[in-house]
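A.B. asks: Here is my input, please return the structure:
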Amino acid sequence: MATIKIMCVNAGSSSLKFKLYEMGEGLSGEKTLREKAKHMKVLTSGVVERIGHDDAIFTIKMPDGDKKSSVLPVANHDEAVQLVLNGLLEFGIIKDIKEIGGVGNRVVQGGKYFDDAHVFDQYTYDRIEELIPLDPLHAEAHLTCFNAFKKALPEVGEVAVFDTAFHQTMEPVEYLYALPYEYYEKYAVRRYGAHGTSHKYLSQVVNEEYLAGKEHTRIITLHIGSGASVSAVKDGKCIATSMGLTPLAGVMMGTRTGDIDPSCMPYLCKCTGKTVDEMYDIYNKKSGLLGVSGISNDTRDVEKSYFEGDERAKIAVELFANRIAEYIMMYYGKLGGCDMLVCSAGVFENGPLYRKLAFQKVEEALGVKIDDVKNEEMIRGKEGLISTSDSKIPVLVLPTDEELMIALDTARILGL
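C.D. replies: Numbering: from 1, shown residues only. This is a model prediction of the structure:
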């Protein structure tokens, strides 16, 4: 495969994150993910924030590691894309935009339609547009970003890489809700999950490097950041995941409730006089660690107050750990055991306290034991086991790499 550059983009309603890869010639001959990664080079990364405002912020990382930032008006995603492409040229990262051979778009919701990445063609566009009610925050931004890149690079193929695709291997007993079946048939109400690209990366690396040679594998992947989800992966396939119809379900998160009694909605609306939409906004944006602690959705702020003895911070931290432990126990049962617990994403890559408390809650039942020294050391991008030698289940901290997966999927789908 000739050397080619692939742009990975993650569009939000008012932001555009990007990472540009150079794909090496030896890529197609390698078998494991991280062997392939050795033939890929990150040329730059960055973000355009506050799109639609006069004080938007454009940040781009230079090849030497320095960052350049500027504040300027950016009216829409068209201007944001052009700003990024101009930046690549201005700072000498590329000499010609024709060097970009593919664009990979992270798409949150693929519904029932996609069990793999897909060429971002009219069919894909129409399906994502159809799914806007399931993901109003991201879906429209994905389509806007696709159009912006298509306008700037009309000859370049684009690929949609879906967060939900990895979870499409779940059986109906896992993804159906106990609602009238017609709601599934008519409105596609079911569990879809999220963070699938991350869960796929984590489980694949573990299968290839840590459990190589094992015929059957059972892994619990914990993508615990401000948004958090847990998946049960058997023989490389997802059999269960914690997020549901939307990313609101599952474990408690930075600002999201996680699983909650549905009766809370009508009851609280009646008590407060708030509308369903207003209460739903509270469920998504004002609950979780923020809502319980009353301090912050940032685990670092809550942790500081926890150690200072703040009672609500203590409750919030323990509740967060408890919800994660509940899913570990449940998925251990579904898998019939577990070969490895995998910690990843912002909180579980960098939060020893939260890891320790969660695993303490399953220690007696599952024989999981954490090495306090290793746990404290395993932060800021480090990878390694944090469990003791006599722990019945190894616990691994493994930084995730969703952009790597997007780049590889883009190259594969476009045949580059």
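A.B. asks: residue ranges of the strands in the stretch 251-400 of the chain, please?
C.D. replies: In the stretch 251-400 of the chain, the segments counted as strands under DSSP state E, counting those that start in this stretch are 340-344, 384-385, 395-397.
A.B. asks: so how far is the longest one from its chain's centroid?
C.D. replies: In this case it means strand 340-344. Centroid displacement of strand 340-344 relative to its chain, using C-alpha atoms, centre = their mean, to the nearest Å, is 15 Å.
A.B. asks: Against which helices or strands is it packed?
C.D. replies: helix 196-205, strand 218-224, strand 395-397 (3 or more C-beta pairs under 8 Å, 6 or more residues apart in numbering; DSSP states H and E). Placement of C-beta: from N, CA and C, glycine included.
A.B. asks: Please apply the same query to the second one.
C.D. replies: Taking 3+ C-beta pairs under 8 Å, 6+ apart as contact, the helices and strands that strand 384-385 lies on are strand 395-397.
A.B. asks: what's downstream of the strand it packs on, the next helix or strand?
C.D. replies: Remark: after strand 395-397, the chain's next helix or strand is helix 402-414, criterion DSSP states H and E.
A.B. asks: tell me the angle of that following helix relative to helix 196-205?
C.D. replies: Here helix 402-414 runs at an angle of 90 degrees relative to helix 196-205 (axes from the mean of the first three to the mean of the last three C-alpha atoms, to 10 degrees).
A.B. asks: about what we covered before: adding distance to Tyr125, mean neighbour count and mean pLDDT, write the strands of the stretch 251-400 of the chain out as a markdown table.
C.D. replies: Shown next, in a markdown table, are those (distance: least, C-beta to C-beta, whole Å; neighbours: other C-beta atoms under 10 Å; pLDDT from 0 to 100):
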| stretch | distance to Tyr125 | mean neighbour count | mean pLDDT |
| --- | --- | --- | --- |
| strand 340-344 | 31 | 26 | 98 |
| strand 384-385 | 42 | 14 | 97 |
| strand 395-397 | 38 | 24 | 98 |
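A.B. asks: Reformat those as JSON lines; add distance to Tyr183.
C.D. replies: Below are the strands of the stretch 251-400 of the chain laid out as JSON lines (distance: least, C-beta to C-beta, whole Å):
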{"stretch": "strand 340-344", "distance to Tyr183": "33"}
{"stretch": "strand 384-385", "distance to Tyr183": "44"}
{"stretch": "strand 395-397", "distance to Tyr183": "39"}
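A.B. asks: Leu366: which of the ones you listed is closest?
C.D. replies: strand 340-344 (8.9 Å; C-beta to C-beta).
A.B. asks: Run through who's touching that closest one.
C.D. replies: For strand 340-344, the surrounding residues in contact (C-beta atoms under 8 Å, 6 or more residues apart in numbering) are 198, 202-203, 206, 210-211, 219-224, 328, 349, 355, 359, 368, 386, 393-400.
A.B. asks: Give me the buried stretch members for the longest helix anywhere in the chain, please.
C.D. replies: Of all the elements of type helix in the chain, the one with the most residues (DSSP state H) is helix 311-335. Under the neighbour-count criterion of 16 or more other C-beta atoms under 10 Å, helix 311-335 has 313-314, 316-317, 319-321, 323-328, 331-332, 335 buried.
A.B. asks: For Gly288, give me its contacts.
C.D. replies: Contacts of Gly288 by C-beta under 8 Å, 6+ apart are 252-258, 297, 320.
A.B. asks: ok, now with 7 Å
C.D. replies: 252-257, 297 (C-beta atoms under 7 Å, 6 or more residues apart in numbering).
A.B. asks: Check Ile97 too.
C.D. replies: 85, 89, 153.
A.B. asks: and those residues, which are buried?
C.D. replies: Judged by 16+ other C-beta under 10 Å, buried ones among the contacts of Ile97: 85, 153.
A.B. asks: Now the contacts of Ile97 in a markdown table, please, with extra columns for distance to Ala37, pLDDT and secondary structure.
C.D. replies: Below are the contacts of Ile97 laid out as a markdown table (distance: C-beta to C-beta, whole Å; pLDDT from 0 to 100; DSSP: H, G, I helix; E, B strand; the rest coil):
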| residue | distance to Ala37 | pLDDT | secondary structure |
| --- | --- | --- | --- |
| Leu85 | 25 | 94 | helix |
| Leu89 | 26 | 93 | helix |
| Leu153 | 25 | 91 | coil |
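A.B. asks: Just the closest of the contacts of Ile97 to His77, please.
C.D. replies: Proximity of the contacts of Ile97 to His77 (C-beta to C-beta) peaks at Leu85, which lies at 12.5 Å.
A.B. asks: Surely that closest one and Ala148 touch.
C.D. replies: No - the pair Leu85 and Ala148 does not pass the contact test of C-beta atoms under 7 Å, sitting 10.0 Å apart.
A.B. asks: Okay, and Lys5 sits in which element?
C.D. replies: Counting by DSSP H and E, Lys5 is found in strand 4-11.
A.B. asks: Just want the angle from that strand to helix 402-414.
C.D. replies: Using the same axes, to 10 degrees: strand 4-11 against helix 402-414 is 120 degrees.
A.B. asks: Just checking: what are the partner strands of strand 4-11?
C.D. replies: Here strand 4-11 has these sheet partners by DSSP bridges: strand 15-23 (antiparallel), strand 100-107 (parallel).
A.B. asks: Output stretch 65-73 in CSV with nothing but the alpha carbons.
C.D. replies: Presented in CSV, the C-alpha positions along stretch 65-73 are these (Å, rounded to 0.1, in the frame of the first residue of the first chain):
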residue,chain,number,x,y,z
GLY,A,65,4.9,18.8,19.9
ASP,A,66,4.3,22.5,20.4
LYS,A,67,0.7,23.8,20.0
LYS,A,68,-0.5,26.8,18.1
SER,A,69,-3.8,28.5,19.2
SER,A,70,-5.8,31.3,17.8
VAL,A,71,-9.1,33.0,18.6
LEU,A,72,-11.2,34.1,15.6
PRO,A,73,-14.7,34.1,14.2
